[in-house]
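would you be able to build a 3D model of this:
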Amino acid sequence: MENPSRQNRDRSGEGKSARRPAPNVWILLAIIAVMGLTFYALRGPRTSLVPYSFFLDQIAKDNVIQVELGEQDATGLFKDPPKEPVQYNDEGKLVQGKDRTLHKRFRVVLPRDSDSRGRLTNLLEAKGVLYKNQPTSNALVMFYILVLLVPLALFAFFWFSYRRSRDQIMG
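Next up is the predicted model:
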């Protein structure tokens, strides 16, 4: 014989265990928003990527104030931001683009051979352009790894805590 109070609970639905809601999606969205804002805030000043030949031409025209030489690339400042250089497609035809002015800051990829680097430093000295060498550093890479890992670790912590507490309640 069944307990009458149990029958009443089963019919009314009170006897069924209430299903807990899914993890709060807002926490995940907040973490993603913080990560996005961090990347937006830390992207630095706007720079224009210029070809190496255009960079040499701007040095010859005395339009470069300073250059910071890295292992693979160089960054610097123009005196007056020039117009964007002409570009050609794969077929060798001139690409008609917008007549844009470049940003005041620029970045250029340097040739790998040491002769080119020596000629570049000689040209910079001859034109009186202030230049310095960047130390090799992977601090920026480590910073971005931390920016990504800390929010993900927090999310994982809350997720596993939620799962553990849910499993304890359900038996």
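
output stretch 132-145 as CSV, nothing but the C-alphas.
These are the backbone C-alpha positions of stretch 132-145, laid out as CSV (Å, rounded to 0.1, in the frame of the first residue of the first chain):
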residue,chain,number,x,y,z
LYS,A,132,68.1,52.5,-31.1
ASN,A,133,68.0,48.7,-30.8
GLN,A,134,65.1,46.9,-29.1
PRO,A,135,66.2,44.3,-26.6
THR,A,136,64.9,40.8,-27.2
SER,A,137,61.9,40.3,-25.0
ASN,A,138,59.0,37.9,-24.8
ALA,A,139,57.3,39.9,-22.0
LEU,A,140,54.5,40.9,-24.3
VAL,A,141,53.8,37.3,-25.2
MET,A,142,53.7,36.3,-21.6
PHE,A,143,51.4,39.2,-20.8
TYR,A,144,48.9,38.2,-23.5
ILE,A,145,49.1,34.6,-22.3
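
sec struct for Cys59, please.
If you look again at residue 59, you'll see it is Ile, not Cys. Using DSSP: H, G, I helix; E, B strand; the rest coil, the secondary structure recorded for Ile59 is helix.

just give the number of residues close to it.
For Ile59, the tally of surrounding residues (other Cβ atoms under 10 Å) stands at 18. (Each C-beta comes from the backbone N, C-alpha and C, glycine too.)

and for Pro111?
With other Cβ under 10 Å as criterion, Pro111 counts 12.

and it, that one's in a helix?
No: membership of Pro111 in a helix is not supported by three-state DSSP, which gives coil.
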